[in-house]
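Peer 1: sequence and predicted structure are below.
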Amino acid sequence: MGHLDHAAYGWLTPVLSYVMASIGAALGLRCTVRALAATGASRRNWLLTAASAIGTGIWTMHFVAMLGFDVIGTEIHYNVPLTILSLVVAMLVVGAGVFAVGYGKERGRALILGGLTTGLGVASMHYLGMAALRLHGRVSYDPLTVGLSVAIAVAAATAALWAALNIKSPVAVAVASLVMGAAVSSMHYTGMTAVAVSVTPSDAALPGATAMQFIFPLAVGLGSYLFITAAFVALSPTADERAASDSVRRLGERAAAAH
């Protein structure tokens with residue numbers, strides 16, 4: 001068995017991955033809150049932004065954490081198409097869950113369906129990302145721990161969507177986002193405790209790309225997307241702010257007409 005190190009850079013990757021998960025959750029929750037207060041194309045656009053934010057945050061969290069993953073006795077490379085597929089799956093399945101909540105007629109049923117869909121999507125992203133690993137040896141998993149990680153993913157996703165439906169204030173959303181970041185990180189590291197690697201020493205070149213060649217630049221790019229989108233959402237007026245602005249404008253028009 002190869003010795004596994006889940007934090008080769010100390011606390012840097014666990015803390016940074018938690019931060020990315022929390023930012024993605026915060027942005028996704030704020031966008032979902034905006035979506036539920038909107039109608040038509042505006043609701044759809046806010047839900048799309050929410051799905052991309054949560055999916056990006058979860059994916060970035062996973063692979064930032066994987067930057068700290070090391071196996072003694074072998075290099076680690078990543079299959080590029082599978083890694084990209086894991087990102088696409090994260091966004092699509094999270095999108096399905098978010099839209100189920102955004103357009104669901106019955107909130108309870110929509111919450112269960114959305115939480116289950118999104119949680120399974122998060123777990124699928126994680127294990128697709130793990131399937132992209134290329135190393136000298138064989139990777140195996142403990143089924144019970146894998147099942148526990150999937151259950152955590154479903155519970156975390158359901159809690160996030162419940163928060164989107166029931167929590168409106170920015171402070172409450174921020175607290176919920178920190179909890180969500182912790183839940184997603186817990187799912188990741190629970191899943192990683194299920195991993196065992198049997199190393200087969202070899203001098204053969206591994207296929208795929210190293211983490212620094214591919215994962216790190218992509219994670220930086222997606223992290224930048226989250227920060228830029230967060231700034232856009234923060235600067236966009238809420239439905240209440242737009243209503244207040246319209247009210248002030250109408251009062252001004254009436255006052256001008258009276259004179």
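Peer 2: Noted; the coordinates are in hand.

Peer 1: show residues contacting the host helix or strand of L165.
Peer 2: Following DSSP states H and E, one finds L165 within helix 143-166. With contact meaning CB atoms under 8 Å, 6 or more residues apart in numbering, helix 143-166 is reached by 25, 28-29, 32-33, 36, 50, 54, 97-98, 101, 107, 111-112, 114-123, 126-127, 172-173, 176, 179-180, 183-184, 186-188, 190-191, 193-194. Using the backbone N, CA and C atoms, a C-beta is placed for each residue, glycine as well.

Peer 1: tell me which helix or strand comes right after the longest helix that the chain contains.
Peer 2: The residue-count maximum for a helix in the chain (DSSP state H) belongs to helix 40-67. From helix 40-67 onward toward the C-terminus, using DSSP H and E, the following helix or strand is strand 70-71.

Peer 1: number of nearby residues for the closest residue to K168 other than its chain neighbours?
Peer 2: In space, and not counting its chain neighbours, K168 is closest to V33: 6.0 Å by CB to CB, 6 or more residues apart in numbering. Residues near V33, counting by other CB atoms under 10 Å, number 23.

Peer 1: pLDDT score assigned to V33?
Peer 2: Note on V33: pLDDT of 80.

Peer 1: from the contact counts, what lies against the helix or strand containing A110?
Peer 2: For A110, the host element (DSSP H and E) is helix 107-131. Counting contacts by 3 or more CB pairs under 8 Å, 6 or more residues apart in numbering; DSSP states H and E, helix 107-131 is packed against helix 40-67, helix 80-103, helix 143-166, helix 170-193.

Peer 1: return the most buried member of those.
Peer 2: helix 40-67 (a mean of 23; mean count of other CB atoms under 10 Å).

Peer 1: other SSEs contacting that helix?
Peer 2: helix 12-36, helix 80-103, helix 107-131, helix 170-193, helix 216-235.

Peer 1: need the contact list for the residue most central in space within the chain.
Peer 2: The C-alpha lying nearest the average C-alpha coordinate of the chain belongs to I58 (CA atoms, centre = their mean; 2.4 Å). Counting by CB under 8 Å, 6+ apart, I58 touches 21, 24, 90, 94, 122, 125, 184.

Peer 1: how near is the fourth one to I152?
Peer 2: Looking back up the chat, that one is V94. 16 Å (CB to CB, to the nearest Å).

Peer 1: and the first one, by the same measure?
Peer 2: Distance, A21 to I152, by CB to CB: 13 Å.

Peer 1: likewise the fifth one?
Peer 2: V122 sits at a distance of 9 Å from I152 (criterion: CB to CB).

Peer 1: and the third one, by the same measure?
Peer 2: A90 sits 16 Å away from I152, going by CB to CB.

Peer 1: so in the protein, where's the weakest helix or strand by average pLDDT?
Peer 2: The weakest-scoring helix or strand in the chain, judged by mean pLDDT, DSSP states H and E, is helix 239-258 (a mean of 54).

Peer 1: follow-up on the earlier one: okay, the contacts of I58 in JSON lines with pLDDT and distance to G223 next?
Peer 2: Shown next, in JSON lines, are these (pLDDT from 0 to 100; distance: CB to CB, whole Å):
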{"residue": "A21", "pLDDT": "89", "distance to G223": "11"}
{"residue": "G24", "pLDDT": "87", "distance to G223": "9"}
{"residue": "A90", "pLDDT": "85", "distance to G223": "15"}
{"residue": "V94", "pLDDT": "84", "distance to G223": "17"}
{"residue": "V122", "pLDDT": "85", "distance to G223": "18"}
{"residue": "M125", "pLDDT": "88", "distance to G223": "17"}
{"residue": "V184", "pLDDT": "86", "distance to G223": "15"}
